[in-house]
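S.K.: missing the sequence, but the structure's below:
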């Protein structure tokens, strides 16, 4: 986010007024990277400032819902990192407040803004691979060696990493009706910031999603993967297969197999430098121009409910129903794609 804040500040589009963190040492670290006027240990001072229009909530996960609710009540636009909430009570309360206010709330991740995602969305909408019956997605790594909260209740790889896959799959395939999940703690102790700590939340997940269109999808996520070298997302249709290359937060392009052509075709979008934090620039644009966002709050709520109920499914060892839904995503802009051997000149437009 700092890179995009600096970019918009340089263009005089925004003015970063205040930063807050419970650790005063952060001030000395980040004031060398971004310009701002005030640093507070108490975030409430930011919310009380009438000059501030937009608040970014980038704290540890358990604080997201509380701060976001307070910010909306104070009349601020909000960008909140994933997840919006770690339990259904907070999630429902936040949604109720968000629906009543005239302010925007954007919930990460912003994978649906990726040109690769939107290009794949176009292909699926155009029935390029026929009826989709199966899908899979994967995102994980060995896990952070900083931030104990990643390994405490309310943290973990599902809220941190699996959320990308679930957002991508639901964005492409629509709402989920049922989920079944298994999760575990693979490593009961970790060394974080040089200190040995006990892990108190699951760090290893296998998830089955049953969509309302009867498609079945598997999501694999965890702080248990050292490396991998395979597509992030694959969808299997009656007339072909489409797969995203790279991770969904940093996609490199996509490949598509069409039975009619009996070959793989590799496509890249001309947007070489799409930033995973692009929801911030999109939110600023929506505020300034009073335009309808591409980020769908109902979609974000749906994804968040799925994640909360994944824990419930694993704990109860049973299938769990998902109650929320959302309307299909729509993108007015057609994404231009090129076959990889024709991709020489890149477009570096701001997106």
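M.R.: That came in fine, so what should we check first? These figures come from a predicted structure and were not determined experimentally.
S.K.: give me the most central residue, the protein.
M.R.: Nearest residue to the geometric centre of the chain (CA atoms, centre = their mean): residue 109, 1.7 Å.
S.K.: confirm that it sits in a helix.
M.R.: No: per DSSP: H, G, I helix; E, B strand; the rest coil, residue 109 lies outside any helix segment and is coil.
S.K.: isn't it right next to residue 277, touching?
M.R.: No: the pair residue 109 / residue 277 is not scored as a contact, 9.3 Å apart, by CB atoms under 8 Å. C-betas here are computed from N, CA, C, even on glycine.
S.K.: which outside residues touch the helix or strand hosting residue 91?
M.R.: Here residue 91 sits within helix 88-100, counting by DSSP states H and E. The set of residues external to helix 88-100 that reach it, using CB atoms under 8 Å, 6 or more residues apart in numbering, is 65-66, 68-69, 72-73, 84-85, 105, 297, 301, 304-305, 308.
S.K.: so which of the residues you listed are in helices?
M.R.: In helices, defined here by DSSP state H, the members of the contacts of helix 88-100 are 65-66, 68-69, 72-73, 297, 301, 304-305, 308.
S.K.: return the member of those residues nearest to residue 173.
M.R.: Distance to residue 173 across the ones in helices among the contacts of helix 88-100 (CB to CB) is lowest for residue 305, with 16.1 Å.
S.K.: residue 91 versus residue 100, what's the distance?
M.R.: 15 Å (CB to CB, to the nearest Å).
S.K.: domain parsing for the chain?
M.R.: 2-107, 111-272+298-321 (automatic domain parsing).
S.K.: quick revisit: for PyMOL, what selects the buried ones among the contacts of helix 88-100?
M.R.: This is the PyMOL syntax for the buried subset of the contacts of helix 88-100, where burial follows 16 or more other CB atoms under 10 Å:
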select buried, resi 65+66+68+69+72+84+85+105+297+301+304+305+308
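S.K.: hang on, the earlier thing: residue 100 and residue 91 - which one has more neighbours?
M.R.: Neighbour totals were compared for residue 100 and residue 91, and residue 91 leads with 21 against 10 (other CB atoms under 10 Å).
S.K.: what pLDDT does that one get?
M.R.: pLDDT, residue 91: 98.
S.K.: same check on residue 32?
M.R.: Per-residue pLDDT puts residue 32 at 89.
S.K.: buried ones in the helix or strand hosting residue 119?
M.R.: In this structure, residue 119 sits in helix 115-125 according to DSSP H and E. Neighbour-count burial for helix 115-125 flags 115-121, 123-124 (criterion: 16+ other CB under 10 Å).
S.K.: which residues touch it?
M.R.: With CB under 8 Å, 6+ apart as the test, helix 115-125 has contacts from 111-112, 129, 132, 168, 171-173, 235, 242, 244, 248, 251-254, 256, 267, 269-271, 274, 329, 331, 333-335, 337, 351.
S.K.: what packs against the helix or strand following it?
M.R.: As assigned by DSSP H and E, the chain's next helix or strand after helix 115-125 is strand 132-140. When contacts are defined as 3 or more CB pairs under 8 Å, 6 or more residues apart in numbering; DSSP states H and E, strand 132-140 sits against helix 163-173, strand 216-222, strand 233-237.
S.K.: quickly run through the sheet partners of strand 132-140, with directions.
M.R.: strand 216-222 (parallel), strand 233-237 (antiparallel) (DSSP bridges).
S.K.: quick one: that strand to chain centroid distance?
M.R.: Here strand 132-140 is found 16 Å from its chain centre; the criterion is CA atoms, centre = their mean, to the nearest Å.
S.K.: again with stretch 163-179
M.R.: Relative to the mean C-alpha coordinate of its chain, stretch 163-179 is positioned 11 Å out (CA atoms, centre = their mean).
S.K.: same thing with stretch 189-200?
M.R.: 26 Å.
S.K.: before we move on, what about stretch 177-185?
M.R.: Worked out by CA atoms, centre = their mean, stretch 177-185 lies 19 Å from the chain centre.
S.K.: how about it: buried residues?
M.R.: In stretch 177-185, counting by 16+ other CB under 10 Å, buried: 178-181, 183, 185.
S.K.: over to stretch 20-39?
M.R.: Those would be 20-21, 27, 39, for stretch 20-39 by 16+ other CB under 10 Å.
S.K.: swap in stretch 284-294?
M.R.: 284, 286-287, 293-294.
S.K.: please apply the same query to stretch 190-204.
M.R.: The neighbour-count check on stretch 190-204 (16+ other CB under 10 Å) flags 190, 192, 199, 201-204 as buried.
S.K.: using JSON lines, lay out these together with pLDDT and secondary structure.
M.R.: JSON lines is the format used below for the buried residues of stretch 190-204 (pLDDT from 0 to 100; DSSP: H, G, I helix; E, B strand; the rest coil):
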{"residue": "190", "pLDDT": "97", "secondary structure": "strand"}
{"residue": "192", "pLDDT": "96", "secondary structure": "strand"}
{"residue": "199", "pLDDT": "97", "secondary structure": "coil"}
{"residue": "201", "pLDDT": "97", "secondary structure": "coil"}
{"residue": "202", "pLDDT": "97", "secondary structure": "coil"}
{"residue": "203", "pLDDT": "98", "secondary structure": "coil"}
{"residue": "204", "pLDDT": "98", "secondary structure": "strand"}
